[in-house]
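K.L.:
What shape does this take:
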Amino acid sequence: MSKPPRLIYLLNSAQRRLQQFVAAEQERVAREGGTPPSPAQSGVLFVLAKADGATMGALAQALDLAPSAVSGLVQRMEALGWVRRRASELDARTQHVWLQPAGRALLPSLHKALARINDRLLGDFSSAELQTIGRWLEHVRTLGDPDE
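P.N.:
Residues are numbered from 1 along each chain as shown. Below is the predicted model of the structure:
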């Protein structure tokens, strides 16, 4: 029986490489004179593009982040004019986040950057192989408590 792949090493190494790809795309935007959003900020923009007015809790869930992390993230994005927060009319404790024109204007370049990265990641893998990779990554992403 052959040895299984070194999954932890490969995941860590792949994550570093992915961060390099993202950093290269951010540098491209910066060279063009823009303010490049971080990966987390890009995630907020993508979520709001599909569900404008999402609650902070919905953003946290969609991005797999702690609510406290989303609060600071949205606050920084609001300072850049990319989003706007507003208290819910039904419950003042609930904040909704709305995409602003400056944030919406970032989406086309983010989609192009994402397509460039995805093209590199997909390589020459078959559809079936990609389905297996996706299924495994989803499995890892949804594993329960590490102490179990």
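
K.L.:
okay but residue 40 is in contact with residue 62, surely?
P.N.:
No - taking contacts as Cβ atoms under 8 Å, residue 40 lies outside contact range of residue 62: 11.4 Å. All C-beta atoms are positioned from the backbone trio N, CA, C, and that covers glycine.

K.L.:
quick one, strands of this protein?
P.N.:
Assigned by DSSP state E, the strands in the chain fall at 54-55, 83-87, 95-99.

K.L.:
Who are the packing partners of the second one?
P.N.:
I take that to be strand 83-87. Under the contact criterion of 3 or more Cβ pairs under 8 Å, 6 or more residues apart in numbering; DSSP states H and E, strand 83-87 touches helix 39-50, helix 67-79, strand 95-99.

K.L.:
Mind listing the strands that strand pairs with, and their directions?
P.N.:
strand 95-99 (antiparallel) (DSSP bridges).

K.L.:
and the partner strand, how far out from the chain's middle?
P.N.:
In terms of Cα atoms, centre = their mean, to the nearest Å, the centre of strand 95-99 is found 17 Å from the chain centre.

K.L.:
Mind pulling up the pLDDT for residue 93?
P.N.:
With respect to pLDDT, residue 93 scores 86.

K.L.:
Next, work out how far apart it and residue 74 are.
P.N.:
Applying Cβ to Cβ, to the nearest Å, the value for residue 93 to residue 74 is 15 Å.

K.L.:
Also residue 24?
P.N.:
Residue 24 is 26 Å from residue 74, where distance means Cβ to Cβ.

K.L.:
So for the longest helix seen in the chain, what gets flagged as buried?
P.N.:
Ranked by residue count, the top helix of the chain under DSSP state H comes out as helix 7-31. Buried residues in helix 7-31, counted by 16 or more other Cβ atoms under 10 Å: 22, 25-26, 29.

K.L.:
now the angle from that helix to helix 39-50?
P.N.:
Interaxial angle, helix 7-31 versus helix 39-50 (axes from the mean of the first three to the mean of the last three Cα atoms, to 10 degrees): 80 degrees.

K.L.:
what's in contact with helix 7-31?
P.N.:
Helix 7-31 is contacted by residues 35-39, 109, 113, 116-117, 120-121, 140 when judged by Cβ atoms under 8 Å, 6 or more residues apart in numbering.

K.L.:
how about a cut-off of 6 Å?
P.N.:
Outside of helix 7-31, the residues within contact range by Cβ atoms under 6 Å, 6 or more residues apart in numbering are 36, 39, 113, 117.
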